[in-house]
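In: Quick one: sequence plus predicted model below, questions after.
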Amino acid sequence: MNLPSKVTLVDVGPRDGLQNEKEPVATAHKAQLVAMLQTAGLKEIEVTSFVSPKWVPQMADNAALMAAIERRPGVRYSVLTPNLQGLQAALPTRPDEIVVFAAATEAFSQKNINCSIAESIDRFAPVVALAHEAGIKVRGALSCALGCPYQGEVSADEVERLVLLFKGIGVDHLGVADTIGVGTPRKVQDAMARALKHYPLEQVSGHFHDTYGQALANIYACLEMGVYIFDSSVAGLGGCPYAKGATGNVATEDVVFMLDGLGIETGIDIDKLVDAGLFISDALGRLPVSRVGRALLAKRAG
């Protein structure tokens, strides 16, 4: 079986990982995390989101954080912009990419952003157009692609419907997201196949939560299809406020360890990555969720 020789990881820890922390995380700590991820070799980092602080207080420092990060050549900095107002606020901070999101089920769309799937796409159309005018790439996150906390099972047909809606408004890159972590390898491949019908391989990625311990298996299932871009979160940070019980994204450390074992290049130094995970976990007052991170820290201590 021919797996990809190289994988690109997008660390979403600074944004998706920290957005639901109840206690404020200092902007300086967030900026330091971005710096440490870059030092570890990450070339794609999701930094923050431009949402109303009323809904996501943790992201209220979005502009300050974008001003505080040390930008390095060859690194892409992305931000989430859920609407036109968010994009207009983000543009002066010079993101390289913006992220818009929509759910594969009507139930989740209503609970998450209080509108239908079609209405959410209508909202994003001018966002995509303005981003392109500014020369900014647009990534579409297709959430609840493998399961919905309100509806339950999600069909591949529902996934494909949203893929086509994203493509119809000009979204450049499609991220297939298992928001509640219920996906298993065969179902993941079915969903990915629908994405790959309409987007080229280089513009499709996977985003897996590890709620049921399936994230690494699901990534491997995608590797078998040639998919080579994945979101992950340092120290396993994250969750979803509208998906009860959903744990964090798969830990970047765990993914890198598996890929290193497969002989797949990532360009990431796992020891420096563990340092980054330890730093932000210390700042949050808890241990890293990453199993690899904990194991390597225990090895160091020993």
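Out: That came through, no problem. Treat the numbers as computed from the prediction; the structure is a model and nothing was measured.
In: Quick check on the closest residue to residue 184 other than its chain neighbours: phi, psi?
Out: Spatially, and ignoring its direct neighbours in sequence, residue 184 is nearest to residue 214 (5.7 Å; Cβ to Cβ, 6 or more residues apart in numbering). Every C-beta, even on glycine, is put in place using the N, C-alpha and C of the backbone. Dihedral angles of residue 214 (phi, psi; degrees, to the nearest 10) stand at phi -100, psi 0.
In: Can you spell out which residues form a bridge with residue 173?
Out: Listed by DSSP bridges, the beta-bridge partners for residue 173 are residue 139.
In: just checking, it touches residue 140?
Out: Yes: using Cβ atoms under 8 Å, residue 173 makes contact with residue 140 at a distance of 6.9 Å.
In: Looking at those two, which has the bigger crowd around it?
Out: residue 140 (29 against 19; other Cβ atoms under 10 Å).
In: And that one, how far from residue 188?
Out: Distance, residue 140 to residue 188, using Cβ to Cβ, to the nearest Å: 18 Å.
In: go on, residue 131?
Out: Distance of residue 131 to residue 188, computed by Cβ to Cβ: 28 Å.
In: ditto for residue 226
Out: Applying Cβ to Cβ, the value for residue 226 to residue 188 is 14 Å.
In: Which one of these two is surrounded by more residues?
Out: Just comparing residue 226 and residue 188: by other Cβ under 10 Å the higher neighbour count belongs to residue 188, 26 against 14.
In: contacting residues around stretch 268-280?
Out: If you take Cβ atoms under 8 Å, 6 or more residues apart in numbering as the criterion, stretch 268-280 is touched by 9, 13, 17-18, 29, 32-33, 36-37, 39-42, 234-235, 237, 251-253, 256-257, 260, 288, 290, 292-293, 296-297.
In: Span of stretch 113-120 from start to end?
Out: Stretch 113-120 has an end-to-end distance of 8 Å (Cα to Cα, to the nearest Å).
In: what comes up buried for it?
Out: 113, 117, 120 (16 or more other Cβ atoms under 10 Å).
In: quick one: secondary structure of the nearest residue to the first one once chain neighbours are set aside?
Out: For residue 113, ignoring the flanking residues on the chain, the nearest one in space by Cβ to Cβ, 6+ apart is residue 120 at 5.9 Å. Residue 120 carries the three-state label helix when classified by DSSP: H, G, I helix; E, B strand; the rest coil.
In: Surely residue 120 touches residue 114?
Out: No: with contact defined as Cβ under 8 Å, residue 120 and residue 114 do not form a contacting pair (9.6 Å).
In: Wait, residue 256 touches residue 11, no?
Out: No: between residue 256 and residue 11 there is no contact under Cβ under 8 Å: 10.4 Å.
In: Convert the C-alpha atoms of stretch 254-262 to CSV, please.
Out: Listed next in CSV are the C-alpha coordinates belonging to stretch 254-262 (Å, rounded to 0.1, in the frame of the first residue of the first chain):
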residue,chain,number,x,y,z
ASP,A,254,0.2,11.5,18.9
VAL,A,255,-0.2,12.1,15.1
VAL,A,256,3.5,12.9,14.7
PHE,A,257,4.6,9.9,16.6
MET,A,258,2.5,7.6,14.4
LEU,A,259,3.7,9.3,11.2
ASP,A,260,7.3,9.1,12.3
GLY,A,261,6.7,5.4,12.8
LEU,A,262,5.4,5.0,9.3
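In: what does it rub up against?
Out: Stretch 254-262 has contacts (Cβ under 8 Å, 6+ apart) with 3, 7, 9, 215-216, 219-220, 223, 230, 232, 236, 265-266, 268, 270, 273, 290-293.
In: ok, 6 Å please
Out: For stretch 254-262, contacts defined as Cβ atoms under 6 Å, 6 or more residues apart in numbering pick out 7, 216, 232, 266, 268, 270, 290-292.
In: Please pick the buried ones from these.
Out: The buried subset of these - by 16+ other Cβ under 10 Å - is 7, 216, 232, 266, 268, 270, 290, 292.
In: quick one, what contacts the second one?
Out: In this case it means residue 216. Residue 216 makes contact with residue 258, according to Cβ under 6 Å, 6+ apart.
In: can you list the weak-confidence ranges in the chain?
Out: Where the chain drops to pLDDT under 70, the residues are 1, 239-247.
In: ranges for the helices of it?
Out: Secondary structure of the chain (DSSP state H): helices located at 27-40, 62-68, 84-90, 106-113, 117-133, 156-168, 185-196, 215-224, 252-261, 270-284, 291-301.
In: Pull the distance from the fifth one to the chain's centre.
Out: Its chain's C-alpha centre lies 19 Å from the corresponding centre of helix 117-133 when counted by Cα atoms, centre = their mean, to the nearest Å.
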